[in-house]
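1. Here's my sequence, what's the structure:
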Amino acid sequence: MLKRILFAFTLTLMLTAYSSLAHALTTGAPDVAECGACHKLNIDEAASLLAVEKFNAKVVSVKPAQILGLWEVTLEQTNPQDASVRTVTAYMDFGKKMLVEARMTPLSSLGGNVKIDISKIPSKDALILGNPKAKHKVFIFTDPDCPYCRKFHAEAVKIAKDFKDIAFYIVLFPLDIHPGAYDKALAINCEKSVKLLEDAFEGKTLEAAKCDSKKTIDANLAAGKNLGISGTPAIVFPDGTLNSGTLPYDAFIKMFDRLMKTKYSEKLEKK
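-> Numbers count the residues shown, from 1 in each chain. From the prediction side, this is the model:
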C-alpha cells in the first residue's frame, strides 16, 4: 500500500517540478530557501498526510528539496516480518497533493536488487570491526546518533565474533537530521576507535576531536551521496549489494549466504 501511495501521481509531480524549475529560471523566482519561508510542512503534518502509522513507518525529517516547489521527506519503515528498517526519501509538492519516492525498493527485497561500486567506498579511514584479514568485507555507513545504527552494530559485533571470515568496515556518515553527529564523527575518526563509536551509541559524551578529520568525514558524505546513500545504516555486502536499514543477525546471515553462495546458515541451524 505504501508503495502504491508513493507511486501515485508520479508523472504529474515530475511535470509540476519541471514547470516550477522552468518558471524560476525564466522569471527570476525566489530560490528554494526563500520559498520555504512561505510554504510550510512539518514532521507531524507530513506524517498525517501519509498516514504513516498504517505502514509501520515514521517521518524523521522534512526540508525544502533542491528542486523548486518540492519538499524532501525522509521516512523510516519497519518490516514487521524480520524487524529490518529501511530509509525512504520521498518528494512532496508544495500543494501537498503529489508524492514520489526518490528510488523505489520493495520492502520484501531487503535491498537485494540495488548494487553499488564498492571501489568508490572510502574505506581507507574506516573503522574495522572483526578480523582485518577476513576474506569478506562488509561496509556499513553509520551515524553515531542513529538508533538503528546502534541496533545493527550490536548484531555486527556478534556476527564478527561468530564468523571470522567476515569483517565490517565502518564508514562514518553523520546525517543532517542529527546535529551533534558530525562532531562525534570527527572525534571518532581521529582515534579510529570502535570503542568511541560504541560510547556515542550509548549516549556518552565524547571529547572534542584531537585532530583535523573534517576532510575525511566530508569525503565520506560526498561518496555516500554519489552512491545514492541517504540514510543509515547502509549495509554494503562484498558483491556491492546495498541494504538500506538494519538487519537482525539471522536475516543478515541468510542474506549473506544468498548473495555470496556461502553456507554460514548451517551454523545457525546447529545453535
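2. which residues of the protein score low on pLDDT?
-> Within the chain, the stretches with pLDDT under 70 are 1-38, 66, 81-82, 84, 100-113, 269-271.
3. quick one: secondary structure of the residue most central in space within it?
-> The residue lying closest to the centre of the chain (Cα atoms, centre = their mean) is residue 231, at 1.7 Å. Local secondary structure at residue 231 is given as coil here, using DSSP: H, G, I helix; E, B strand; the rest coil.
4. you'd agree it is up against residue 74?
-> Yes - between residue 231 and residue 74 a contact is recorded at 6.9 Å, counting by Cβ atoms under 8 Å. Quick note: C-beta positions are derived from backbone N, CA and C, even for glycine.
5. Look up the residues that both of these two are in contact with.
-> 87, 89 (Cβ atoms under 8 Å, 6 or more residues apart in numbering).
6. Now residue 169: phi and psi?
-> Torsion angles at residue 169 (phi, psi; degrees, to the nearest 10) stand at phi -110, psi 110.
7. Show the contacting residues for the nearest residue to it once chain neighbours are set aside.
-> Leaving aside its chain neighbours, residue 169 sits nearest to residue 126 (4.0 Å; criterion: Cβ to Cβ, 6 or more residues apart in numbering). By Cβ under 8 Å, 6+ apart, the contact list for residue 126 reads 139, 169, 170, 171.
8. List the buried residues for stretch 121-133?
-> Residues of stretch 121-133 classed as buried: 121, 122, 123, 125, 126, 127, 128, 129, 130 (neighbour count, 16 or more other Cβ atoms under 10 Å).
9. Quick one: the strands in the stretch 151-271 of the chain, in order.
-> 166-172, 234-236, 242-244 (DSSP state E, counting those that start in this stretch).
10. May I see those strands organised as CSV, with distance to residue 42 and mean neighbour count added?
-> Shown next, in CSV, are the strands of the stretch 151-271 of the chain (distance: least, Cβ to Cβ, whole Å; neighbours: other Cβ atoms under 10 Å):
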stretch, distance to residue 42, mean neighbour count
strand 166-172, 29, 24
strand 234-236, 26, 25
strand 242-244, 24, 24
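11. how is this structure carved up into domains?
-> The chain resolves into domains spanning 2-105, 118-269 when parsed by automatic domain parsing.
12. Pick the most buried one from those domains.
-> Counting by mean count of other Cβ atoms under 10 Å, domain 118-269 has the highest mean neighbour count of those, with a mean of 18.
13. chain center to that one, what's the gap?
-> 11 Å (Cα atoms, centre = their mean, to the nearest Å).
14. Now tabulate the strands of the stretch 151-271 of the chain in CSV and tack on distance to residue 146.
-> Below are the strands of the stretch 151-271 of the chain laid out as CSV (distance: least, Cβ to Cβ, whole Å):
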stretch, distance to residue 146
strand 166-172, 11
strand 234-236, 10
strand 242-244, 12
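15. for these, which one sits closest to residue 79?
-> Residue 79 lies closest to strand 242-244 among those, at 11.3 Å (Cβ to Cβ).
16. who does that closest one touch, helix- and strand-wise?
-> Under the contact criterion of 3 or more Cβ pairs under 8 Å, 6 or more residues apart in numbering; DSSP states H and E, strand 242-244 touches strand 234-236.
17. partner strands of the strand it packs on, parallel or antiparallel?
-> According to DSSP bridges, strand 234-236 forms sheet pairs with strand 136-142 (antiparallel), strand 242-244 (antiparallel).
18. Residue 80 versus residue 50, what's the distance?
-> Distance, residue 50 to residue 80, by Cβ to Cβ, to the nearest Å: 18 Å.
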